[in-house]
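> predicted structure and sequence below. I'll ask about it afterward.
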Amino acid sequence: MKIYAIRHGETDWNKEKRIQGRTDIELNEIGIKQAESIKDLIKNEHFDLIISSPLKRAKKTAEIVSNGVPIVYSDGIIERNFGLFEGKIMTEINFEDCYNYNLNYDDGSIEKVQDLVKRVYTFLDEVKEKYSDKKVLLVTHGGVIRAIKIYFEGLPENGMLPHAATKNCELKEFIYKD
């Protein structure tokens, strides 16, 4: 079974390199155009279902790309809560340390990376069980796609969730191994 994932379109905070986390930011004009462009690229894919994060930026992206495909919303792929870091410029903190599974950074406000991974793994296991006969598209966030990537490819020894290098509205394909 294959699963597909799209990161939401651009927001003003993406453009400014701000940490969004659960802050519910709208797509900007570029983000809307990105979603419209990916819609054209995937229109012949014939997805059976779209599962989207409920945050506005993902939700709007899902609505734009849907081509009439049913959309359901799941907190299983909502972006990670970055607590006190939300709104900060990424270079103001050691952002990559927040994605070290072994370190499992915890300042008391951030969702620990091990909790993010557990949540995403549980979600993906449920998708596999529930929709094994369906072609599913996920519309989600960069941090979630990092966790999806290690679900399918494994966690590196150094514990760093690999930067998925997923651009806004980029499509990724993942294959479940039986």
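Arrived safely.
> excluding covalently adjacent residues, which one is nearest to the most centrally placed residue in the chain?
Centroid-nearest residue in the chain, with C-alpha atoms, centre = their mean: His141, separated by 2.6 Å. Leaving aside its chain neighbours, His141 sits nearest to Glu79 (3.8 Å; criterion: C-beta to C-beta, 6 or more residues apart in numbering). Placement of C-beta: from N, CA and C, glycine included.
> again with Leu155
Looking at Leu155 with C-beta to C-beta, 6+ apart, the closest residue is Tyr101, at 5.8 Å.
> now Glu153, nearest residue through space, not along the chain?
Pro162 (7.7 Å).
> number of residues surrounding the one you found?
When neighbours are counted by other C-beta atoms under 10 Å, Pro162 registers 14.
> which residues touch the closest residue to Val127 other than its chain neighbours?
Of all residues not flanking Val127 in the chain, Val136 sits nearest, at 6.1 Å (C-beta to C-beta, 6+ apart). By C-beta atoms under 8 Å, 6 or more residues apart in numbering, Val136 lies in contact with Ile3, Tyr4, Phe47, Asp48, Leu49, Ile50, Ile51, Val127.
> looking at the residues you listed, which are in helices?
Using DSSP state H, the subset of those located in helices is Val127.
> turn the contacts of Val136 into JSON lines, including distance to Gln114.
As requested, the contacts of Val136 are arranged in JSON lines below (distance: C-beta to C-beta, whole Å):
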{"residue": "Ile3", "distance to Gln114": "22"}
{"residue": "Tyr4", "distance to Gln114": "26"}
{"residue": "Phe47", "distance to Gln114": "31"}
{"residue": "Asp48", "distance to Gln114": "32"}
{"residue": "Leu49", "distance to Gln114": "28"}
{"residue": "Ile50", "distance to Gln114": "28"}
{"residue": "Ile51", "distance to Gln114": "23"}
{"residue": "Val127", "distance to Gln114": "20"}
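> mind checking the pLDDT average for the helix or strand encompassing Thr122?
Using DSSP states H and E, Thr122 sits in helix 113-130. Taken as a whole, helix 113-130 has a mean pLDDT of 98.
> swap in stretch 50-57?
According to the model, stretch 50-57 has a mean pLDDT of 98.
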